[in-house]
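Q: build me a model from this:
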Amino acid sequence: MKRKRQIIIVIGVLFILTIPLIVMQFTDKVDWTILDFVVAGVLLFGTGLFCEIVIRKVSNISYRIVICIALLIILILIWLELAVGIFGTPIGGY
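A: Residues are numbered from 1 along each chain as shown. Okay, here's the model as predicted:
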(Lines give C-alpha, C1' and ligand atoms only; values in the text may rest on other atoms or scores of the structure.)
Protein backbone atom coordinates (compact mmCIF):
# COMPACT_ATOMS: atom_id res chain seq x y z
CA MET A 1 0.00 0.00 0.00
CA LYS A 2 2.76 2.47 0.87
CA ARG A 3 4.51 1.73 -2.44
CA LYS A 4 1.29 2.61 -4.26
CA ARG A 5 1.06 5.97 -2.45
CA GLN A 6 4.68 6.76 -3.33
CA ILE A 7 3.96 6.08 -7.00
CA ILE A 8 0.90 8.35 -6.78
CA ILE A 9 3.09 11.08 -5.25
CA VAL A 10 5.65 10.79 -8.06
CA ILE A 11 2.95 10.84 -10.75
CA GLY A 12 1.30 13.85 -9.08
CA VAL A 13 4.58 15.77 -8.95
CA LEU A 14 5.32 14.98 -12.59
CA PHE A 15 1.81 16.05 -13.58
CA ILE A 16 2.12 19.36 -11.72
CA LEU A 17 5.54 20.02 -13.26
CA THR A 18 4.23 19.40 -16.78
CA ILE A 19 1.84 22.34 -16.43
CA PRO A 20 4.53 25.08 -16.56
CA LEU A 21 6.42 23.05 -19.17
CA ILE A 22 3.39 23.07 -21.47
CA VAL A 23 2.55 26.71 -20.76
CA MET A 24 6.12 27.72 -21.63
CA GLN A 25 5.48 26.46 -25.17
CA PHE A 26 2.68 28.98 -25.71
CA THR A 27 3.74 32.13 -23.84
CA ASP A 28 6.81 34.03 -22.76
CA LYS A 29 5.22 34.94 -19.41
CA VAL A 30 6.34 31.64 -17.89
CA ASP A 31 10.12 31.34 -18.06
CA TRP A 32 11.33 28.44 -15.92
CA THR A 33 14.88 27.16 -16.00
CA ILE A 34 16.02 23.64 -15.20
CA LEU A 35 16.82 24.86 -11.68
CA ASP A 36 13.22 26.07 -11.26
CA PHE A 37 11.92 22.63 -12.20
CA VAL A 38 14.37 20.91 -9.85
CA VAL A 39 13.49 23.17 -6.91
CA ALA A 40 9.75 22.80 -7.56
CA GLY A 41 10.14 19.04 -7.87
CA VAL A 42 12.07 18.78 -4.62
CA LEU A 43 9.52 20.94 -2.80
CA LEU A 44 6.53 18.99 -4.12
CA PHE A 45 8.09 15.56 -3.71
CA GLY A 46 9.41 16.40 -0.23
CA THR A 47 6.03 17.64 0.90
CA GLY A 48 4.37 14.53 -0.49
CA LEU A 49 6.84 12.27 1.27
CA PHE A 50 6.47 14.13 4.56
CA CYS A 51 2.69 13.71 4.32
CA GLU A 52 3.22 10.01 3.56
CA ILE A 53 5.40 9.66 6.67
CA VAL A 54 2.76 11.45 8.75
CA ILE A 55 0.05 9.13 7.41
CA ARG A 56 2.13 6.07 8.34
CA LYS A 57 3.42 7.20 11.74
CA VAL A 58 0.59 9.27 13.29
CA SER A 59 -2.33 7.18 14.44
CA ASN A 60 -4.79 9.95 15.33
CA ILE A 61 -6.58 11.05 12.14
CA SER A 62 -7.18 14.58 13.43
CA TYR A 63 -3.44 15.04 13.99
CA ARG A 64 -2.73 13.62 10.53
CA ILE A 65 -5.01 16.17 8.92
CA VAL A 66 -3.62 19.11 10.90
CA ILE A 67 0.00 18.16 10.23
CA CYS A 68 -0.58 17.61 6.50
CA ILE A 69 -2.42 20.93 6.22
CA ALA A 70 0.47 22.64 8.03
CA LEU A 71 2.91 21.02 5.57
CA LEU A 72 0.84 22.27 2.63
CA ILE A 73 0.74 25.79 4.06
CA ILE A 74 4.52 25.73 4.48
CA LEU A 75 4.88 24.53 0.88
CA ILE A 76 2.66 27.34 -0.38
CA LEU A 77 4.54 29.99 1.61
CA ILE A 78 7.93 28.77 0.37
CA TRP A 79 6.60 28.61 -3.21
CA LEU A 80 5.25 32.16 -2.97
CA GLU A 81 8.50 33.44 -1.52
CA LEU A 82 10.50 31.86 -4.32
CA ALA A 83 8.05 33.14 -6.94
CA VAL A 84 7.41 36.73 -5.88
CA GLY A 85 9.31 37.37 -2.64
CA ILE A 86 6.41 38.05 -0.26
CA PHE A 87 8.72 38.06 2.77
CA GLY A 88 11.62 39.94 1.21
CA THR A 89 14.30 37.32 1.87
CA PRO A 90 17.41 37.08 -0.32
CA ILE A 91 16.01 33.98 -2.05
CA GLY A 92 12.78 35.77 -2.96
CA GLY A 93 11.65 36.11 -6.53
CA TYR A 94 11.17 39.36 -8.35
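
Q: C-alpha only now, for contacts and for neighbours.
A: Noted.

Q: grab the most central residue of the chain for me.
A: Nearest to the geometric centre of the chain sits L44, at 2.4 Å (C-alpha atoms, centre = their mean).

Q: tell me which other helices or strands the host helix or strand of L49 touches.
A: Here L49, judged by DSSP states H and E, is contained in helix 34-57. In terms of contacts (3 or more C-alpha pairs under 8 Å, 6 or more residues apart in numbering; DSSP states H and E), helix 34-57 is packed against helix 2-23, helix 61-84.

Q: just list the residues touching the residue nearest to the centre of the chain, thanks.
A: The neighbours of L44, taking C-alpha atoms under 8 Å, 6 or more residues apart in numbering as the test, are 13, 75.

Q: could you measure it against V58, distance?
A: L44 sits at a distance of 21 Å from V58 (criterion: C-alpha to C-alpha, to the nearest Å).

Q: how about I78?
A: 25 Å.

Q: and these two? Which one has more around it.
A: The neighbour comparison of I78 against V58 (other C-alpha atoms under 10 Å) goes to I78, with 17 against 13.

Q: ok, the more buried one to Q25 distance?
A: On the measure of C-alpha to C-alpha, I78 and Q25 end up 26 Å apart.

Q: noted, bye for now.
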